[in-house]
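Asker: got a predicted model here, sequence first, then my questions.
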Amino acid sequence: MYNQIICSEKCTNSLHLCPKRYIVSDFLFNFVITYIYLLMSQILLYLHLEPYLAEWFVHENGGTNPISLPRGSSESDLLERFLTTPVPGRPGEVAPDDANVVIALPTFRDKDPRYYNYLPPKARKTIERNIYVRFRCEMWQELHTLDNVDAPISDLIYSWMENHGISDDPKNWETIRQMYYRKRKTHRRKVQNKKC
């Protein structure tokens, strides 16, 4: 029946060599093979972030390495802008020992990761900085509303860390606490300057 729909001669012989049948089947075969290839052979980008930041970023993006960035995220947009073709004669990216975040390069409309898979060092730093800024913004937005809650800030920070997949480590807690206090001090200074 499939042959009858495609073949203009309405043939019923399965051995008939209909050119239209092979064009459609070749197209479907190539499409499926290309799709499977792109899924199976993920080209990876390795980042080294502070432990608390890496845990937060992985948790925010599904909880598994390698991370598949959502389309339209700031990191995805930066990758689309800054990915280039590798410099000839330069080996591909090798996983560094200190990498704690692995990103599967997405396929963009104009940039196939099979060809555009090199991220220059300054662009890599830009993506790492972007992740850090997003972390600070989210931490501040969620914790500063709890200033009037009658609970120790240490408990609030530990609870926030737990909700965002950050390990219960005193070093992580201290880093986030200092970040929070610096941001709160800056915020209070801005509020006081507006009143004057």
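Answerer: Cool, got the structure.

Asker: are we agreed that residue 107 is in a helix?
Answerer: No - Residue 107 is assigned coil when assessed by DSSP: H, G, I helix; E, B strand; the rest coil, not a helix.

Asker: what number of residues lie near it?
Answerer: 11 (other C-beta atoms under 10 Å). C-beta here means a position set from N, CA and C on the backbone, and glycine is covered the same way.

Asker: need the helices for the chain, in chain order.
Answerer: Chain-ordered helices for the chain, with DSSP state H as the definition, fall at 2-6, 19-40, 51-60, 74-82, 121-143, 153-163, 170-195.

Asker: for the third one, give me every contacting residue.
Answerer: Judged by C-beta atoms under 8 Å, 6 or more residues apart in numbering, the contacts made with helix 51-60 from elsewhere in the structure are 47, 49, 64-65, 67, 100-101, 131-132, 135, 161, 164-167, 169, 171-172, 175-176.

Asker: so for it, what's the average pLDDT?
Answerer: In this model, helix 51-60 has a mean pLDDT of 95.

Asker: again with the second one
Answerer: Within the predicted structure, the mean pLDDT of helix 19-40 is 54.

Asker: and what of the longest one?
Answerer: Per-residue pLDDT values across helix 170-195 average out to 88.

Asker: quick one: buried residues of that helix?
Answerer: Buried positions in helix 170-195, judged by neighbour count with 16 or more other C-beta atoms under 10 Å: 172-173, 175-177, 179-180, 183.

Asker: on that earlier part again, most packed of the helices of the chain?
Answerer: Across these, averaging neighbours per residue (mean count of other C-beta atoms under 10 Å) puts helix 51-60 on top, at a mean of 20.

Asker: so it versus helix 170-195, what angle?
Answerer: Angle, helix 51-60 to helix 170-195, by axes from the mean of the first three to the mean of the last three C-alpha atoms, to 10 degrees: 90 degrees.

Asker: alpha carbons only: can I get helix 51-60 in CSV?
Answerer: Extracted as CSV, the C-alpha positions of helix 51-60 are listed here (Å, rounded to 0.1, in the frame of the first residue of the first chain):
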residue,chain,number,x,y,z
PRO,A,51,31.8,23.9,43.9
TYR,A,52,28.7,25.7,45.2
LEU,A,53,28.2,27.4,41.8
ALA,A,54,28.6,24.1,39.8
GLU,A,55,26.1,22.3,42.1
TRP,A,56,23.6,25.1,41.7
PHE,A,57,24.0,25.3,37.9
VAL,A,58,23.7,21.6,37.4
HIS,A,59,20.6,21.5,39.7
GLU,A,60,19.0,24.4,37.9
